[in-house]
Every structure is written in structure tokens, then in C-alpha cells.
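Chemist: prediction below, plus the sequence it came from.
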Amino acid sequence: MMRTKIWARRLFVLVLLAGAGLWAADYIRHHPEDMPWTALDLRDPVGVFTGQKLAALTGDGALCRTLLEDADIAYRALPAREAGDRCGYRDGVSLIVGRGIAHRPGEAALSCPVAAALAVWEREGIQPAAMRHFGQPVVAIDHLGTFACRRVNGSETGRWSEHATADAIDIAAFELADGSRISIVEDWAGPEPERAFLVEIRDRACGLFATVLSPDYNRAHADHFHLDQAARGRLGRSLCR
């Protein structure tokens with residue numbers, strides 16, 4: 001459903017721009033985030049092509065790190081890591097605890113495009129939703145892992161997981177400023193406002209990541225959101241469930 005909405009918004013913007021003349025020029029000036037040809041700026045609101053631009057950062061670690069710095073997103077560059085023929089990363093970063101939402105346990109080793117999308121999601125999706133539903137911010141995110149040299153579902157054959165290149169993170173829970181905890185496994189089918197919060201931030205993630213999988217996808221994701229920047233995201237192809 002969210003994937004259909006994203007494509008519908010993209011088509012709507014392009015159709016309007018094709019036939020609206022002066023109105024289109026004014027729209028472009030005020031909404032660069034909605035244009036497929038404008039440069040990505042992590043300080044801009046999330047637009048209909050933001051996720052595609054974030055995925056396109058794969059392979060350009062220098063540009064990605066510059067965008068983090070321009071947006072005042074604190075990070076630490078990680079040394080390149082090799083783990084076999086198909087595993088490892090060259091553009092790994094960790095978002096620095098104390099400058100935004102803490103990530104537990106410890107530092108999360110992420111490819112830079114995933115870290116950039118995560119930072120934007122926290123600012124544009126998670127915190128506004130937390131304030132709307134709970135009147136207080138999220139101070140920490142519990143994750144189940146990022147880099148892991150494995151294939152999809154831990155099988156011995158088949159395609160490699162996005163985790164194998166640190167292009168994915170699995171999110172399990174959120175802690176609010178008052179210490180209360182919102183867990184995907186406990187609250188996805190639980191009471192309001194916890195469920196509404198989780199559904200809203202899942203949907204907001206869909207405009208930033210190539211893949212967003214939640215408990216709606218299958219039982220394997222009953223306790224977490226899987227977020228990644230698969231290569232198809234660069235072509236505007238996303239999976240949101």
C-alpha cells in the first residue's frame with residue numbers, strides 16, 4: 001500500500017510539472033526535495049524521490065559523508081572490513097551517541113546510505129510521531145544487528161542478505177524520555193497509541209529505504225523492522241510491507 005502511494009505521488013508531481021508552466025517553476029524553487037534531478041540535501045523535508053537519492057549514494061562514500069556533515073549529523077567513519085568474497089563494507093559509519101537518538105547495543109556499523117536514511121527517519125519520522133502520540137521524544141533505539149556475513153534467512157544457499165554489506169539494520173524497540181519502552185513484538189498488535197506510532201513510523205520509513213519489512217510481512221519479522229538500501233532502490237523500486 002505505501003509503495004503504491006509513493007509511486008502515485010511521484011507520478012502526480014511529474015504530470016503537474018510537465019503541464020503547469022510558471023506554477024511548475026515556482027514549485028521547483030520551493031520543493032527541491034520532490035525533484036528527481038536536484039541534489040540530495042539531508043536537511044530538506046522528505047520528498048517523493050528522497051529514498052531513491054539515498055539509495056543512489058551506495059558506492060560514493062565521500063559524497064555520503066559530506067552530506068552527513070552538511071546536515072550536522074555526527075558520525076564516525078569506520079575502517080573498511082572484508083569478510084570473505086561476498087561480505088564486508090568500504091563506506092561504513094556509525095552515528096555518534098549523544099547527538100540524537102542513542103542506538104543500543106553499542107555502535108551500529110552501517111553503510112553510509114543506511115546511516116543517512118536512518119538519521120533522516122529519526123528526525124522526520126520517529127520524533128514527530130513520538131511527540132504526536134506520546135508528547136515526548138524517543139531517546140534510544142534497540143536494534144538486533146546490522147553487519148552480518150550471511151545469506152537471506154541464514155540459509156546456506158540463495159542470495160546474500162543486505163546485512164552482509166552493512167546495508168541493513170533490524171529495529172526492535174524504542175525508548176521514550178520517561179523510560180517507557182515500545183516494542184515491536186509486544187505492541188505491533190497491541191493497544192493505542194503504541195500501535196499507531198509503530199505503523200506510522202513504518203510507513204514513514206518506506207519513503208527513505210529500499211526495503212522496509214515489518215510484522216505484516218511474515219513471522220520472521222514479528223519482532224523487528226528490517227530496513228535496507230538494496231540496489232533496486234537506486235531505480236526507484238522499493239518494497240514496503
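Modeler: Okay, I see it. Numbering: from 1, shown residues only.
Chemist: pLDDT of stretch 165-183, averaged?
Modeler: Across stretch 165-183, the average pLDDT comes to 97.
Chemist: same deal with stretch 193-203?
Modeler: Taken as a whole, stretch 193-203 has an average pLDDT of 98.
Chemist: cool, and stretch 219-234?
Modeler: Mean predicted lDDT for stretch 219-234 stands at 95.
Chemist: can you show me the CA trace of it as PDB?
Modeler: The C-alpha coordinates for stretch 219-234 follow below in PDB (Å, rounded to 0.1, in the frame of the first residue of the first chain):
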ATOM      1  CA  ARG A 219       6.500 -14.300  11.000                       C
ATOM      2  CA  ALA A 220      10.300 -13.900  10.700                       C
ATOM      3  CA  HIS A 221       9.700 -10.100  11.200                       C
ATOM      4  CA  ALA A 222       7.300 -10.400  14.100                       C
ATOM      5  CA  ASP A 223       9.800  -8.800  16.400                       C
ATOM      6  CA  HIS A 224      11.500  -6.100  14.300                       C
ATOM      7  CA  PHE A 225      11.500  -3.800  11.300                       C
ATOM      8  CA  HIS A 226      14.100  -4.700   8.700                       C
ATOM      9  CA  LEU A 227      15.400  -1.600   6.900                       C
ATOM     10  CA  ASP A 228      17.800  -1.700   4.000                       C
ATOM     11  CA  GLN A 229      19.200   0.000   0.900                       C
ATOM     12  CA  ALA A 230      19.100  -2.800  -1.700                       C
ATOM     13  CA  ALA A 231      20.400  -1.900  -5.100                       C
ATOM     14  CA  ARG A 232      17.000  -1.700  -6.700                       C
ATOM     15  CA  GLY A 233      16.300   1.400  -4.600                       C
ATOM     16  CA  ARG A 234      18.500   3.300  -7.000                       C
END
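Chemist: which positions in that stretch come out as buried?
Modeler: For stretch 219-234, a neighbour-count test (16 or more other CB atoms under 10 Å) marks 221, 223, 224, 225, 226, 227, 228, 229, 230, 233, 234 as buried. For every residue, glycine as well, the C-beta is placed using N, CA and C.
Chemist: burial count for residue 25?
Modeler: 10 (other CB atoms under 10 Å).
Chemist: next SSE downstream of the helix or strand it falls within?
Modeler: Using DSSP states H and E, residue 25 sits in helix 22-30. Using DSSP H and E, the next helix or strand after helix 22-30 towards the C-terminus is helix 50-55.
Chemist: which parts of the chain are strands?
Modeler: 75-77, 81-82, 88-89, 92-95, 102-104, 110-111, 138-145, 168-176, 181-183, 211-213, 225-228, 239-240 (DSSP state E).
Chemist: pull the CA atoms of stretch 72-87 into PDB?
Modeler: Below are the C-alpha coordinates for stretch 72-87, written out as PDB (Å, rounded to 0.1, in the frame of the first residue of the first chain):
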ATOM      1  CA  ASP A  72      25.300  18.300  11.100                       C
ATOM      2  CA  ILE A  73      24.800  14.600  11.600                       C
ATOM      3  CA  ALA A  74      27.600  13.400  13.800                       C
ATOM      4  CA  TYR A  75      29.200  10.100  12.800                       C
ATOM      5  CA  ARG A  76      32.400   8.200  13.000                       C
ATOM      6  CA  ALA A  77      33.900   6.700   9.800                       C
ATOM      7  CA  LEU A  78      34.700   3.000  10.200                       C
ATOM      8  CA  PRO A  79      37.700   1.200   8.600                       C
ATOM      9  CA  ALA A  80      37.000  -1.000   5.600                       C
ATOM     10  CA  ARG A  81      36.100  -4.500   6.500                       C
ATOM     11  CA  GLU A  82      36.500  -7.700   4.500                       C
ATOM     12  CA  ALA A  83      34.900 -10.900   5.500                       C
ATOM     13  CA  GLY A  84      35.100 -13.400   2.600                       C
ATOM     14  CA  ASP A  85      34.300 -12.900  -1.100                       C
ATOM     15  CA  ARG A  86      30.800 -11.500  -0.600                       C
ATOM     16  CA  CYS A  87      30.900  -9.800   2.800                       C
END
